[in-house]
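> Predicted structure and sequence below. I'll ask about it afterward.
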Amino acid sequence: MRKKIDTRYLINWIGGKRLLRYRISELIPDDIKTYIEPFGGGGWVLFYKDNWAELEIYNDLNDKLVNLFKCVKFHPDELIKEFRWMIASRKIFKETLESTVYTDIQKAAKFLYLISRSFGGAGRHFGTGKRPGGAAKSQQNIMARILSIHERLDKVIIENLGFEELIAKYDYEDAFFYCDPPYTSGVGYEVISTKDFDHEGLRDCLKNIKGRFLLSYDDSPKIRELYKNFEMIEVTRQKGINNKCPNGREYKELLIANYKIT
Ligand SMILES: C[S@@+](CC[C@H](N)C(=O)[O-])C[C@H]1O[C@@H](n2cnc3c(N)ncnc32)[C@H](O)[C@@H]1O
C-alpha cells in the first residue's frame, strides 16, 4: 500500500520554512481578514493550513516561482502533462538545464523539474547522493502535490511585486503579513544577493504598517538592533542544507512581531 504523502507543499526552496512552519503557525492570530506573504518562496507556511483568512495573497519577486504557482493554479493538467515524462535522470537533468523553452507551462515544468531533482533545490546539479531521497523522489508524488496545491491556491491571489509595493497595496487594520525575507547571511536568491537586500528598508516599511506582521530572520546582531523595539523570540531548528551553521547541528533564528508573541 502507498504511504500517505504530505501534499501541503510542492517544492523545497532555499530558506523554506519546512522545519519552522508548525512553530510559526502557532503565532499567527486567528482574527485576521487578510493573510499576505510578501516573500512567498515555496509557500511552506501558506500551504500548511487549508485557509488562513478570507483573502490570501502569495507574492514573490522571482517570476519563475510566480509563473510556476500560476500554472499550478490555472493549468494543473497541462503542467502535469508536460512534467510527467521529465523523469529523474542525470542526462535529462543536463538536457533540461540547457534547453530553451517557450510557453509559460513549459517554463513552469522546467523550473519544477530542476528544483525538484537538484541538490538542495538550487536547480544547478543533479541531486542524487548515497542515501535515498533527493532527485530519486517519486514522480507520482510530485504530480499529486501539483493537484493538491492547485486546490489550495483556488482563492489565493498571486502577485509578483517587490515587498514595498506589495505591503503598501494590501496594508490595513485587519491585514496580517508573514514576512520571510532573505537572511543577512547564507546563500542569496536569483532575484537578489544576501548582501544587497534592503533590510533597513523592510524594517522602515514594517514599522509604519496598520496591520500586524510576523517576521522570521537569522539571529544576528544586525537584526536584533534593527528590531530592538519589537516583540522578539528565539527559535532553534535543525541545520538545513543551505544554512551556514558554525556551532554544530542547530541553527538559531528570530521570530519578530508588532503584536504580543510568546
Ligand atoms: C527565505 S525565502 C522565502 C521562503 C518561504 N517562506 C518558504 O517557506 O518557502 C525569501 C524569498 O524572498 C524573495 N525575495 C527577495 N527579494 C524580494 C523582494 N524585494 N520582494 C519580494 N520578494 C523578494 C526571494 O525570491 C525568495 O523566494
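Here it is on my side, so go on. Numbers count the residues shown, from 1 in each chain.

> only C-alpha atoms for contact and neighbour calcs from this point on.
Will do.

> Contact residues of the stretch 1-150 of the chain facing the ligand?
Residues of the stretch 1-150 of the chain lying near the ligand by C-alpha under 6 Å from any ligand atom: 13, 15-17, 38-45, 60-62.

> So which of the residues you listed is the closest to Gly121?
Within those, the smallest distance to Gly121 is 6.0 Å, found for Trp13 (C-alpha to C-alpha).

> pull the CA atoms of the host helix or strand of Ala168 into PDB?
Element membership for Ala168, per DSSP states H and E: helix 163-170. Presented in PDB, the C-alpha positions along helix 163-170 are these (Å, rounded to 0.1, in the frame of the first residue of the first chain):
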ATOM      1  CA  PHE A 163       7.900  43.900  -1.000                       C
ATOM      2  CA  GLU A 164       7.500  47.700  -0.600                       C
ATOM      3  CA  GLU A 165       4.800  47.900  -3.300                       C
ATOM      4  CA  LEU A 166       3.100  44.700  -2.100                       C
ATOM      5  CA  ILE A 167       2.900  45.800   1.500                       C
ATOM      6  CA  ALA A 168       1.700  49.300   0.600                       C
ATOM      7  CA  LYS A 169      -1.000  47.800  -1.600                       C
ATOM      8  CA  TYR A 170      -2.500  45.400   1.000                       C
END
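
> which neighbours does whichever helix or strand comes after it have in its sheet, and in what orientation?
Once helix 163-170 ends, the next helix or strand along the chain (criterion: DSSP H and E) is strand 175-179. Strand pairing for strand 175-179, determined by DSSP bridges: strand 34-37 (parallel), strand 212-218 (parallel).

> and after the longest one, which helix or strand comes next?
By that I understand strand 212-218. Using DSSP H and E, the first helix or strand after strand 212-218 is helix 221-226.

> centre of the chain versus that next one, how much separation?
Here helix 221-226 shows a centroid-to-chain-centroid distance of 23 Å under the convention C-alpha atoms, centre = their mean, to the nearest Å.

> and that helix, which residues are buried?
For helix 221-226, the neighbour count (16 or more other C-alpha atoms under 10 Å) marks 223-224 as buried.

> Report the angle between the helix holding Ala168 and strand 175-179.
If you take axes from the mean of the first three to the mean of the last three C-alpha atoms, to 10 degrees, helix 163-170 sits at 160 degrees to strand 175-179.

> which strands and helices sit next to helix 163-170?
For helix 163-170, the packing partners by 3 or more C-alpha pairs under 8 Å, 6 or more residues apart in numbering; DSSP states H and E come out as helix 199-207.

> average model confidence for the helix it packs on?
In this model, helix 199-207 has a mean pLDDT of 97.

> do stretch 221-240 as well
Rounded mean pLDDT across stretch 221-240 is 91.

> which residues in the protein form strands?
Here the chain has its strands, by DSSP state E, at 34-37, 55-59, 156-159, 175-179, 212-218, 231-238, 250-257.

> how many degrees apart are the fifth one and strand 231-238 in direction?
Okay, so that is strand 212-218. Using the same axes, to 10 degrees, strand 212-218 lies at 40 degrees relative to strand 231-238.
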